[in-house]
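Student: Test case, fold it:
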Amino acid sequence: MAKKPATMKGTPDDPWVLKTPPLTSEFTMHRDVKDGKDVLVCTVGKTVLLYDARCLDDLHKMLKKHGDWMELGSADEQKDAKDGTVEAWGRSSSNPIGGWYGLKKGLRGRFGMYVPPLMEALGLAEVEHNLRGNRMRAI
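Tutor: Numbering: from 1, shown residues only. Predicted structure coming up:
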C-alpha cells in the first residue's frame, strides 16, 4: 500500500503526488478552499478537476459499512457509471451530499480513478493495482 511521504503535505505548494490505480499515470492532489468550500484539487496534466473534500470521510464511512471490496468503476461524467461501484456512489442522489462529489461541470466524473489513490496514501483504504477492474476497501 502506498504511504503518504512525510514531505508531501497536500497543500498547493506541496501536493500529494499519486498514481492512478493501474499505476500507469501520475497526477497530483491538494486541499484548498474554493468559494468557501473545502475541496480536493486534482491536476492531471493540464486538466484540473475539483472534488468536494467531504468525499474522503463519506467514502471511508460507506466502505466501512459495505465491509468488503468494491469495484472502482471510473467513468467520465458523460458516461453512465456501473451500478454498485465507487464511481456510481460518488454521483448518486443517495450519497451523503445527494449527488456529485465532482464540482466542475463537464469534469465531475473519474471519482473512482482519482479519489481512491489519495485514500490509500492517507491510510484510509486499500486499493488494487491491476490493469483493469480494480477495487478498494476501507482500512
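Student: Which of the three states applies to Val48?
Tutor: On the three-state scheme (DSSP: H, G, I helix; E, B strand; the rest coil), Val48 is labelled strand.
Student: quick one, what contacts it?
Tutor: For Val48, the contact set (C-beta atoms under 8 Å, 6 or more residues apart in numbering) comprises 41-42, 104, 107. Backbone N, C-alpha and C define where each C-beta goes, glycine included.
Student: Could you dump these into TSV and include pLDDT?
Tutor: Formatted as TSV, the contacts of Val48 follow (pLDDT from 0 to 100):
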residue	pLDDT
Val41	98
Cys42	98
Lys104	94
Leu107	95
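Student: quick one: which of those is most hemmed in?
Tutor: Cys42 (27 neighbours; other C-beta atoms under 10 Å).
Student: What residues does the closest residue to that one other than its chain neighbours make contact with?
Tutor: The shortest distance from Cys42 to any non-neighbouring residue, by C-beta to C-beta, 6 or more residues apart in numbering, is to Leu49 (4.3 Å). By C-beta under 8 Å, 6+ apart, the contact list for Leu49 reads 41-43, 102, 104, 107-108, 110, 114.
Student: out of the residues you listed, which one sits closest to Arg132?
Tutor: For Arg132, the nearest member of the contacts of Leu49 is Arg110. The distance, counting by C-beta to C-beta, is 15.2 Å.
Student: Could you report the neighbour count for the closest one?
Tutor: So Arg110, with other C-beta under 10 Å, has 21 neighbours.
Student: And for Gly98?
Tutor: 8.
Student: do the same with Arg137
Tutor: Neighbourhood size, Arg137 [other C-beta under 10 Å]: 15.
Student: again, but for Lys65
Tutor: Lys65 is flanked by 8 other residues according to other C-beta under 10 Å.
Student: any idea what it is structurally, helix, strand or coil?
Tutor: helix.
Student: Can you tell me which residue is spatially central in this protein?
Tutor: Taking C-alpha atoms, centre = their mean, the centroid of the chain lies closest to Val115, which sits 1.1 Å from it.
Student: residues in contact with the residue nearest to that residue when sequence neighbours are not counted?
Tutor: Among residues not flanking Val115 along the chain, Cys55 sits closest, at 5.9 Å (C-beta to C-beta, 6+ apart). Contact analysis of Cys55 by C-beta under 8 Å, 6+ apart lists 40, 90, 101, 111, 115.
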